[in-house]
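Q: Model the structure of this input:
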Amino acid sequence: MSASLTFVTPPPGLDPVVDFTLAEIAGAAGLYSLQAAAQPSTRLFVVDASVHLPDYSPVISFEQSDALGVTDPQDAMLLVVANPAPAGTTVNLMAPIVVNASTGASAQIILDNQDFPLRAALVPRAAAASRPAAVPVAV
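A: This next block holds a predicted model:
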């Protein structure tokens, strides 16, 4: 799968870039490369939260969803930035990327008043199945 994404505002640290290509990494379900269309050397790895973090359920404001044209949660794809390191991969749960799956409109949303970490360990699914599920924060 490959899709064109246009951010409504540049992702933090990538200004002025707004046009990206989201490409699935072969053999790694739910892992994608998010590459700047005009600058291929600018690339992030992102994880589909529905595949790897099924209990992750941040609250997105009406203003944020309106800016993306998302009227139904089923129309949104939730991605988190992955940070691979020798000690293990972490994901940023405080600033997910929300994608309108129909239009490709996207935004990296900084979650206010929600207690999610910037660097949460990404636990392999087999190991995660043996741990108690995380409890989503209610706002």
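
Q: Bridging across strands, which residues link to the residue nearest the centre of the chain?
A: When C-alpha atoms, centre = their mean is applied to the chain, the residue found nearest the centroid is residue 79 (1.8 Å). Note on residue 79: beta-bridge partners residue 48, residue 97, judged by DSSP bridges.

Q: per-residue confidence at it?
A: Residue 79 is assigned a pLDDT of 97 by the prediction.

Q: And for the one 4 residues further on?
A: For residue 83, the model assigns a pLDDT of 93.

Q: what residues are up against it?
A: Residue 83 is in contact with 89-92, 119, counting by C-beta atoms under 8 Å, 6 or more residues apart in numbering. For the C-beta atoms, the positions are set from N, CA and C on the backbone; glycine is no exception.

Q: roughly how far apart are the residue nearest to the centre of the chain and residue 92?
A: Separation of residue 79 from residue 92 (C-beta to C-beta, to the nearest Å): 10 Å.
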